[in-house]
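1. Okay, predicted coordinates and the sequence, questions at the end:
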Amino acid sequence: MIYEIPVKGAFETNCYFYIDDTTNHGFLIDPGAEADRLLGIIKDRKWTIEKILLTHGHFDHFGAVNRIRAQLAIDVYAHEMSDKYLLNPQINLSTFCGPDIVVNNAVKFADGDIIKLGTNPDFALKVIHTPGHTEDSVVFYSEKDKTAFVGDTIFKHSIGNYSYPGGNKTVLVNSIMTKIFTLPIGTVLLSGHSAKTTVGDEKKYYGM
């Protein structure tokens, strides 16, 4: 099951719980703010979160990480290029919007890695590296549920901002064309800042 929880700090960001119905274990994706609220949801629903996953290293996607991982005694996972963002408040933009935020000791993954639940290895997400919004941007793809958690790479009828450090329009468009638009057309795209859409709807919108 997938639960979308908009959380609000300096910006409103869509945070996602991806939970295995069989075990009630799962992943927490992009907890950008409101740590206590998210912890309350986890407790009330009796979920066990095994891993926190980040689509990229902007603070509005990880602002609640430090409190949540300390409370739950779990790791946060991010792309192998993420330290450039997670360890630098100017690059992750937190210094411009409030207190500096850094995330140390993230466990790294790479393009093509499969992130599995310890309690159910069949419940998994594939990492797809999609640079352009940031250098460390990724999509988490569930073939089983025909869903991709796309962060800020693509939104409903728009693409991610490429004006921040590490952003590049040409690279971003290439990521969308070669990594996202090659997924099955029915794949649901769940982004950080827009309503859900599908690969097919976006390709149609762009005349493809």
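-> Okay, I see it.

2. Ile115 versus Asn24, what's the distance?
-> According to Cβ to Cβ, to the nearest Å, Asn24 stands 18 Å off from Ile115. C-betas here are computed from N, CA, C, even on glycine.

3. Which one of those two is surrounded by more residues?
-> Ranked by neighbour count (other Cβ atoms under 10 Å), Asn24 and Ile115 place Ile115 first, with 17 against 13.

4. tell me the contacts of that one?
-> By Cβ atoms under 8 Å, 6 or more residues apart in numbering, the contact set of Ile115 is 27, 51, 53, 77, 109, 124-127, 140.

5. got it, and Val7?
-> Val7 touches 13, 15, 31-34, 37-38, 64, counting by Cβ under 8 Å, 6+ apart.

6. From these, pick the one nearest Lys179.
-> Nearest to Lys179, judged by Cβ to Cβ, of those is Thr13 at 21.6 Å.

7. was I right about that closest one contacting Asp30?
-> Yes - with contact defined as Cβ atoms under 8 Å, Thr13 counts as touching Asp30 (6.4 Å).

8. which residues do the two both contact?
-> Here Thr13 and Asp30 share the contacting residues 61, 192, scored by Cβ under 8 Å, 6+ apart.

9. and the end-to-end length of stretch 26-36?
-> End-to-end span of stretch 26-36 (Cα to Cα, to the nearest Å): 18 Å.

10. Could you give the separation of it from the chain centroid?
-> Centre-to-centre, stretch 26-36 and its host chain are 10 Å apart (Cα atoms, centre = their mean, to the nearest Å).

11. Of all the residues in it, which ones are buried?
-> For stretch 26-36, burial by neighbour count (16 or more other Cβ atoms under 10 Å) applies to 26-35.

12. Right, I'll leave it there.
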